[in-house]
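**Student:** just need the structure, nothing else, for what follows:
(2 chains)
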Amino acid sequence: GNSVTQMEGPVTLSEEAFLTINCTYTATGYPSLFWYVQYPGEGLQLLLKATKADDKGSNKGFEATYRKETTSFHLEKGSVQVSDSAVYFCALVKDSSYKLIFGSGTRLLVRP
Amino acid sequence: SQTIHQWPATLVQPVGSPLSLECTVEGTSNPNLYWYRQAAGRGLQLLFYSVGIGQISSEVPQNLSASRPQDRQFILSSKKLLLSDSGFYLCAWRRRDNSPLHFGNGTRLTVT
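**Tutor:** Model (predicted):
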């Protein structure tokens, strides 16, 4: 079946460090891929998305590239800020499916 | 533009009491609607989804039920709450394609 696997957290970084949060997926066909972010006490917000292989989604300095050959969608940011501290969720959806499949989430803590 | 409203933001209820959480979507028609639960420190669990008025699919057996009395209204209910029902409940909607989910701000439910 379809599934999403994320690296376990928490990930603790110093401000201005480089961030990578790994995400791999299992799915037949060509799913669309998403990263969501959840700030403390809030709902989830869409951070970025990619709908086909080799697409790069980007937003707020974050990037992720849809790699079909490695079935991955790793999230990266060149220089994190304290305000980036949150939980990040990777997710996929397939055409004609009603449901998004989420990873378990990765908590990021950025220290000043 | 589309918006999603979810209330209340927080709720404290005794064991055995009833529950009703409401979610409404504005600015779109015929959306797919979803209820997710996030237990403390855990990922997202899909509870219910709906593709139309009166059409509810349950993902996991549980003490909760859902209803969709109107096109853009989705209600999560329980007749008698359990301690294990405590968590963060998120309503979400999306269009009928491989588009992203859009989440409400969530309701934090504490059953005492």
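
**Student:** end-to-end on stretch B:39-48?
**Tutor:** With CA to CA, to the nearest Å applied, stretch B:39-48 spans 16 Å between its terminal residues.

**Student:** residues touching the residue nearest the centre of chain B, list them.
**Tutor:** Compute the mean C-alpha point of chain B, and by CA atoms, centre = their mean the closest residue is residue B:35, 3.1 Å away. Residue B:35 sits next to B:23, B:46-49, B:66, B:74, B:76, B:89-92 when contact means CB atoms under 8 Å, 6 or more residues apart in numbering or on different chains. In short, each C-beta sits where N, CA and C put it, glycine included.

**Student:** recalculate using a threshold of 7 Å.
**Tutor:** Applying CB atoms under 7 Å, 6 or more residues apart in numbering or on different chains to residue B:35 gives the contacts B:47-48, B:66, B:74, B:76, B:89, B:91.

**Student:** please flag which of these sit within strands.
**Tutor:** Counting by DSSP state E, these place B:47-48, B:66, B:74, B:76, B:89, B:91 in strands.

**Student:** low-confidence regions, the chain specifically.
**Tutor:** Here I'm looking at chain A. Along chain A, the parts satisfying pLDDT under 70 run over A:95-97.

**Student:** meant chain B actually
**Tutor:** Residue ranges of chain B with pLDDT under 70: B:41, B:98.

**Student:** before we move on, the earlier item: did I read that right, the residue nearest to the centre of chain B in a strand?
**Tutor:** Yes - applying DSSP: H, G, I helix; E, B strand; the rest coil, one finds residue B:35 inside a strand.

**Student:** and it, what are its bridge partners?
**Tutor:** Per DSSP bridges, the residues bridged to residue B:35 are residue B:48, residue B:91.

**Student:** circling back to that earlier point, want to try TSV for the contacts of residue B:35, with neighbour count as columns?
**Tutor:** Shown next, in TSV, are those (neighbours: other CB atoms under 10 Å in any protein chain shown):
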residue	neighbour count
B:47	21
B:48	24
B:66	21
B:74	29
B:76	22
B:89	23
B:91	29
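
**Student:** just these now: which is nearest residue B:39?
**Tutor:** Closest to residue B:39 out of those is residue B:89 (10.4 Å), distances taken as CB to CB.
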